[in-house]
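J.: This is a predicted model, with the sequence first.
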Amino acid sequence: MSKRVFLLSAVIFFILGLQASVLSQSSAGMTKWEYYNKLRQEYNQAPAKSLAKPAGFEDRKYGRFDVGKIGLEINNANVLGYSREMLTFEYPIGSGITYQWCQTPIIGGILNGEKRVSNGGRGIYQLLNEGHFEPLPGYDSGIGENGLAMSNKPNSWASDWPADVYPIGSDGFPGVQPDGEVAGDAEGIWMAVDDCDDCQQITPLHIKTYGRAIQFSSILAENMIVFKYYVTNTGVDTIYDCYVGVHTDMDCPEEGNNEWEDDYGYYISTEEDSLLGNFLYIWDGDDKAEGYLEKDVAWQGLKMLETPKKGPNGEELGMTTLAIATYTDFYALPDQPALYDQLASGIKPIDNVTPHPGDWTQTPNTYGPDITSLHGSGPFNLAPGETVTYTFANVFGTDKAHLLANAALCQTVYDLEYRTAKPPEQPNVRVVAGDQQVTLYWDPEPSESSIDEFTGNNAFEGYKIYRSTDRGLSWGKPITNARGSLVGYVPIAQCDLDNGVTGVSTLDPYFYLGDDTGLFHKFVDRNLKNGVEYWYAVCAYDREDVWGILPVPPMENSRLSVAHYPGDNTVAVVPQKKPAGFAFPEIQPTTFGPTTVELLWELLDENAVKDNAYTITIDASVTTRKTFSVYDSLLDKLVIEECPNFRGEEDTPTIDGIKLLIVDETSVMFDPDRSGWIKATGEASNCNWKLSTAGVPVPYDYEVRFNAAGDTAFYPPTMILPFQIWNITLNQQADVANFTPSPTDTTPEMRATWTSGDIMQIRELIDGRGKLTWAFIMASDPVMIDTTINEVDTTVVDPNWVDVPPQEGDIAQFFSKKPLTSADSYLLRTSKASTAGATEKDLDRIQVIPNPYIVTSSYETLPWIKELQFHNLPEVCDIKIFTISGELVQVLHHHPGSNGYRGPAVEAWNLWTYNEQEVAFGVYIYHVKAEGIGEKLGKFAIIK
């Protein structure tokens, strides 16, 4: 690495004299948001709306990236990491500290002789009215609440992907890899233009941008997020002297009064370091943010990874522009040509003034500007229909060394085509609310067979379960390093393979690998408080691995910062009693075929059961591998294919909240529990002789029928029998032989007749051939008493036992246990849970909690949100709240999707009136009305 030159002065573009000075000085004590609105007022612009989604822009979607340590919100209008409602560029996730005001791609060029710039930023220059780009429809599900199309959220995907995002990966998402496969743990895509009717670009370049975001949960890449852009000229004219890049307003941190105005910056060029080059990073001068962080402010930077190609050999242009100015100076740029000139101005040195004029405190170690920067590459000409690509990444670290190491890793990950070691695939966790408890359950796949494409190995080891009571801000007892910095949390439960991999990892001293407990896929958390929202994360983790000769530390799935998306490992739940009139679902299995194996089941989620029918078929064609498959009649498809679980394994996949438990027989054998004596009339027999078997088991059932007709043995042919033996499975009579008389047959007469204990061998016609199969034994069985007399073990016969031999009309039934074969199947009929049986008496269970409400309640997870709850409600009802004098205060409509919905039996109220005023203290009346059920009156008190 060549000698690094640290420049201690900042380049401030377009110094505006007194105006800029006044604007900067007037920022004293302001947050970045307040400062932004003040600048808008200075330039005669209306204050920005506090809405995250501008009205009328129907196709705008937002995506939350939170699988690594960086949490950010982006939208498909090319706004990367800007949100007025959610924490964005939060680092690390859960800290509540953010490090970015706004980031956006920026493209400039000369079109028809005019300098034009399109970008999606906020407050870049005076005439920029909240962004130039708007999304094209068709590149996501089209449903706003499903958000931006993201690889880890299948419900956000387009039903039919447009051709310009192909190829599509094997999982159905157009990933970043050349073959369409997904590389990151979360990837998002979007398409935006600058020339649609809703676009606020007066002089568009007529370009289309295809954007990608790639985030990783791997410990090697969790501190970065990568953005890749494809820029296409959709117009009819060539764009000359084109530049592409990114505008970013990094802050260390954004929180606090003017904490974003004491940052230092340094740029590493490729000449200085080929691995770390094209990297601008910043840090906080005094390493603190008053009121937020006393120390350990994170470091961050932006790294250009790929630039457009130019020339006959297709060499990359490289990073050609780095323009740094204060936020004020960029905002003061008068028009697009001035911004284009900045984008084409080349790489300028950083000049950190001491003290900086904008530092109103003039405090040592706080000198530095509000670093706002343009990173660009160009110039090149972009012909109609031509596309160029460029890629950049945001990188974070806890200190300088950590940041530079992560920047080097970022370049390496990019050079390896986004391949990095990953934890196992995250489980799809489902949750069931119960009375003071919750049940989590998940299937073994995709976690337990996932292959790390980086190492080529399956190193899955186990699961860790975390619980949060503050909506993901923290996840239990913290784990800290020697400096006191948070490095993780202690899980509330953990399970792992019983494979000898235990204890603390040798590669990560804060990672516990388990205790050889064996795996489970259901966890019940008890002793919870009804009405409180709990978050749970089930994180699959792996053991130590190797890549070539290099060790790879163990990794686990991220705990996500949003718990309401289906299909991932993080869930939110409110424990509660069942709603009024709740009746559990009905589950009715029916067996078809000769098997005696019952279809057992475990109900995990009563709310997931449907009105449905499932057919379970058995494939025993391969003797060494028997499997079953499940066909769902509603979906008209197989929902479980070739599952080999026949020992009641708890890792069998669930279907609509039901886990099938099939315990197969190991072989055909006599079933003494089902066998016994009856009368031919069907009544119980008094015969008390013992039944047993020998011979060759076959999967049939038999009756030994004592009757007057009797039978003659085929050996010895002179033996007359008082019974007939029938194969009741095939409905045919069997031949009988007595090859081995009972040891008690002491005379020729006894050996010539059937007596107690004779072994009666069966010969029957099976598949057209005579075969010797079962041998049946019916013997007198006096009750034996085992006792101890004078310390000597003695066995005596019960003197009260009376021998009752079989009589004419008695039947000995010999039943067998029959394993599953391909001839067997099951039908499982299900009926969903219901609340149709609710009555007015059920409404007497309704409670207001807490009552009285005194200042606060345990349901309040955020200090500015008040919450009182109604419990034990019917599934759908209306709640009217009145003052004691009868004045209407609020109407709550309890149903799935209502503002206060906390589950089918709980509705929350934020203590605001219908006209958005906070309620006063006092006594209130509530009236619950449920159509078809009844009404309920009650009262509660609020004390402040």
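T.: Cool, the structure landed. Residues are numbered from 1 along each chain as shown.
J.: quick one, domains of the chain?
T.: Under the assignment named as automatic domain parsing, the residue ranges that make up the domains of the chain are 18-415, 430-573, 586-666+822-831, 669-817, 840-943.
J.: Check what pLDDT residue 892 gets.
T.: Residue-level confidence at residue 892 comes out at 97, pLDDT.
J.: Compute the number of surrounding residues for it.
T.: 23 (other C-beta atoms under 10 Å). Placement of C-beta: from N, CA and C, glycine included.
J.: what helix or strand does it sit in?
T.: Taking DSSP states H and E as the definition, residue 892 sits inside strand 888-894.
J.: per-residue confidence for residue 334?
T.: So residue 334 comes in at 67 (pLDDT).
J.: quick one on the thing from earlier: could you check how far the strand holding residue 892 is from the centre of its chain?
T.: Put simply, strand 888-894 sits 34 Å off its chain's centre (C-alpha atoms, centre = their mean, to the nearest Å).
J.: what about the longest helix in the chain?
T.: Ranked by residue count and defined by DSSP state H, the top helix of the chain is helix 400-415.
J.: So what are the sheet partners of the helix or strand just after it and their directions?
T.: Toward the C-terminus, helix 400-415 is succeeded by strand 430-434 as the next helix or strand (DSSP H and E). In the sheet, strand 430-434 lines up against strand 437-441 (antiparallel) (DSSP bridges).
J.: what mean pLDDT would you report for the strand it pairs with?
T.: On average, strand 437-441 scores 97.
J.: What is the subsequent helix or strand relative to that strand?
T.: strand 460-468.
J.: on contacts alone, who are the packing partners of the following helix or strand past the strand holding residue 892?
T.: With elements assigned by DSSP H and E, the helix or strand that comes after strand 888-894 is strand 907-909. Secondary-structure packing of strand 907-909 (3 or more C-beta pairs under 8 Å, 6 or more residues apart in numbering; DSSP states H and E): strand 868-871, strand 877-883, strand 888-894.
J.: buried stuff in strand 907-909?
T.: 907-909 (16 or more other C-beta atoms under 10 Å).
J.: One more: stretch 664-671?
T.: Across stretch 664-671, burial judged by 16+ other C-beta under 10 Å covers 664-665, 668, 670-671.
J.: before we move on, the earlier item: in TSV, list the domains of the chain along with distance to residue 421.
T.: Shown next, in TSV, are these (distance: least, C-beta to C-beta, whole Å):
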stretch	distance to residue 421
domain 18-415	5
domain 430-573	4
domain 586-666+822-831	25
domain 669-817	49
domain 840-943	35
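J.: which stretch among those comes nearest residue 424?
T.: Residue 424 sits nearest to domain 430-573 of all the domains of the chain, at 4.1 Å, using C-beta to C-beta.
J.: And the closest one, end to end?
T.: Domain 430-573 has an end-to-end distance of 10 Å (criterion: C-alpha to C-alpha, to the nearest Å).
J.: cool, and stretch 274-290?
T.: 37 Å.
J.: in it, what's buried?
T.: Neighbour-count burial for stretch 274-290 flags 275-286, 288-289 (criterion: 16+ other C-beta under 10 Å).
J.: And for stretch 539-549?
T.: Buried positions in stretch 539-549, judged by neighbour count with 16+ other C-beta under 10 Å: 539-545, 547.
J.: and these, which two are the farthest apart?
T.: Greatest spatial distance among the buried residues of stretch 539-549 (C-beta to C-beta): 539 and 547, at 21.7 Å.
J.: can you give me the helices for the stretch 701-850 of the chain?
T.: Using DSSP state H, counting those that start in this stretch, the helices found in the stretch 701-850 of the chain span residues 748-752.
J.: Sorry, slip of the keys, the one I care about is the chain.
T.: For the chain, the helices defined by DSSP H cover 18-25, 32-42, 327-331, 336-343, 400-415, 748-752.
J.: Tell me the helices and strands packed up against the fourth one.
T.: Secondary-structure packing of helix 336-343 (3+ C-beta pairs under 8 Å, 6+ apart): strand 100-111, strand 114-119, strand 239-250, strand 321-326, strand 371-382.
J.: Distance from the chain centre to that helix, please.
T.: Distance of helix 336-343 from the chain centroid (C-alpha atoms, centre = their mean) equals 44 Å.
J.: What residues of that helix count as buried?
T.: Neighbour counts using 16+ other C-beta under 10 Å place 336, 338-343 of helix 336-343 among the buried residues.
J.: Tabulate those in CSV, adding columns for distance to residue 719.
T.: Below are these laid out as CSV (distance: C-beta to C-beta, whole Å):
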residue, distance to residue 719
336, 112
338, 116
339, 111
340, 112
341, 116
342, 112
343, 109
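J.: Quick one: low-confidence residue ranges for this protein.
T.: For the chain, the stretches with pLDDT under 70 are 1-58, 83-86, 122-130, 256-262, 326-334, 351-370, 782-798.
J.: At the geometric centre of it, which residue sits there?
T.: In the chain, the residue lying closest to the centroid (C-alpha atoms, centre = their mean) is residue 568, at 1.1 Å.
J.: Identify the residues contacting it.
T.: Neighbouring residues of residue 568 by C-beta atoms under 8 Å, 6 or more residues apart in numbering: 152-153, 426, 428-429, 560.
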